[in-house]
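K.L.:
pasting the sequence and the predicted model now:
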Amino acid sequence: MSRRSGILEFAVLGLLRESPMHGYELRKRLNTSLGVFRAFSYGSLYPCLKTLVANGWLIEESGTASTEAMTPLSGRRAKIVYRLTAEGKEHFEELLSQTGPDAYEDEHFAARFAFFGQTSRDVRMRVLEGRRSRLEERLEKMRASLARTRERLDDYTLELQRHGMESVEREVRWLNELIESERAGRDQRSGPASSAQQNSTSGESDVLPRRRGDNPPPDTSDDTAK
């Protein structure tokens, strides 16, 4: 399995965990909700769906997806709706629990982050810290390279390298805020055990981290820096 097809399969399973969808809905969600997939086409999506069905992680049904009411058109074949199986849900949860380098590399991190709402807090922390560590290593190399070559670069090339460094620095600051928020959320939930705490530990009722200076939210919970 290629790295990009693996990301697509992960995202499809994650979206179908929310609700069954047909192919058009899936592609629309991949494009609008997960910007990293804007370059994917139906030519990539449908082979991916067929593979997931063959693996037993999805089933195909004829009918209307629950997320979008559609009026049947006479003479037209019913759309195929894809539904996650119990095996597919188990496989997706296994993928969610992974915290190795693939979870925070450039091509994977955006997709993993998009499903943080379904990810346990401990896993979120390990992925965020892994991403930060990787970018800090990259930033150190970029600075060392710039120091060695500064005198040989023209103004425009130099400015381009500075722009790249600033992009990485911004993401590191963003990650620092997220990690701080995750830690603050964990501290707030420390103390006597409660049913709400038990749910948050499993990741089932986690809320998205709040940035410093933001107003308290209601009861709801890119990189491609190179």
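P.N.:
Looks like it came in fine.
K.L.:
distance of L58 from E166?
P.N.:
The spacing between L58 and E166, counted by C-beta to C-beta, to the nearest Å, is 42 Å. C-beta: built from backbone N, CA, C; applies to glycine.
K.L.:
these two: which is more packed in?
P.N.:
L58 (24 against 11; other C-beta atoms under 10 Å).
K.L.:
who's in contact with that one?
P.N.:
L13, L16, L49, L52, Y82, R83, L84, T85, G88 (C-beta atoms under 8 Å, 6 or more residues apart in numbering).
K.L.:
so what's the fourth one closest to, chain neighbours aside?
P.N.:
Here the nearest residue to L52 in space, its sequence neighbours aside, is L58; by C-beta to C-beta, 6 or more residues apart in numbering that works out to 4.4 Å.
K.L.:
what do you get for the last one?
P.N.:
With C-beta to C-beta, 6+ apart as the measure, W57 is the residue that lies nearest to G88, at 3.2 Å, once sequence neighbours are left out.
K.L.:
re the thing from before, how near is the residue nearest to L52 to F10?
P.N.:
With C-beta to C-beta as the criterion, L58 and F10 are 13 Å apart.
K.L.:
what pLDDT, on average, does the biggest helix by length in the chain get?
P.N.:
In the chain, with assignment by DSSP state H, the single longest helix is helix 155-188. Regarding helix 155-188, the rounded mean pLDDT is 91.
K.L.:
and that helix, what's buried?
P.N.:
Buried residues in helix 155-188, counted by 16 or more other C-beta atoms under 10 Å: 161, 164-165, 167-169, 171-172, 175, 178-179, 181-182, 185.
K.L.:
which two of these have the greatest separation?
P.N.:
Maximum pairwise distance in those, criterion C-beta to C-beta, is 36.8 Å, between Q161 and G185.
K.L.:
in this structure C48 contacts I7, no?
P.N.:
No. Applying C-beta atoms under 8 Å as the test, C48 and I7 come out as separate, 10.1 Å apart.
K.L.:
which of the two has more residues huddled nearby?
P.N.:
Per other C-beta under 10 Å, whichever of C48 and I7 has more neighbours is I7, with 22 against 19.
K.L.:
mind checking how far the more buried one is from S133?
P.N.:
21 Å.
K.L.:
got it, and L45?
P.N.:
Taken as C-beta to C-beta, the span from L45 to S133 is 33 Å.
K.L.:
domain parsing for this structure?
P.N.:
3-66+79-96, 110-192 (automatic domain parsing).
K.L.:
rank these by pLDDT, which is bottom?
P.N.:
domain 3-66+79-96 (a mean of 86).
K.L.:
restrict stretch 107-124 to CA atoms and write it as CSV.
P.N.:
Extracted C-alpha coordinates of stretch 107-124, given in CSV (Å, rounded to 0.1, in the frame of the first residue of the first chain):
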residue,chain,number,x,y,z
GLU,A,107,1.5,13.8,4.4
HIS,A,108,-0.2,12.2,7.4
PHE,A,109,-0.4,14.8,10.1
ALA,A,110,-3.3,16.9,8.6
ALA,A,111,-5.5,13.8,8.2
ARG,A,112,-4.6,12.5,11.7
PHE,A,113,-5.4,16.0,13.2
ALA,A,114,-8.7,16.1,11.4
PHE,A,115,-9.8,13.1,13.4
PHE,A,116,-8.5,14.2,16.8
GLY,A,117,-12.1,14.5,18.0
GLN,A,118,-12.2,10.7,17.8
THR,A,119,-8.7,10.2,19.3
SER,A,120,-7.8,9.6,22.9
ARG,A,121,-6.0,12.4,24.7
ASP,A,122,-2.8,10.4,25.3
VAL,A,123,-2.5,9.6,21.6
ARG,A,124,-3.2,13.2,20.7
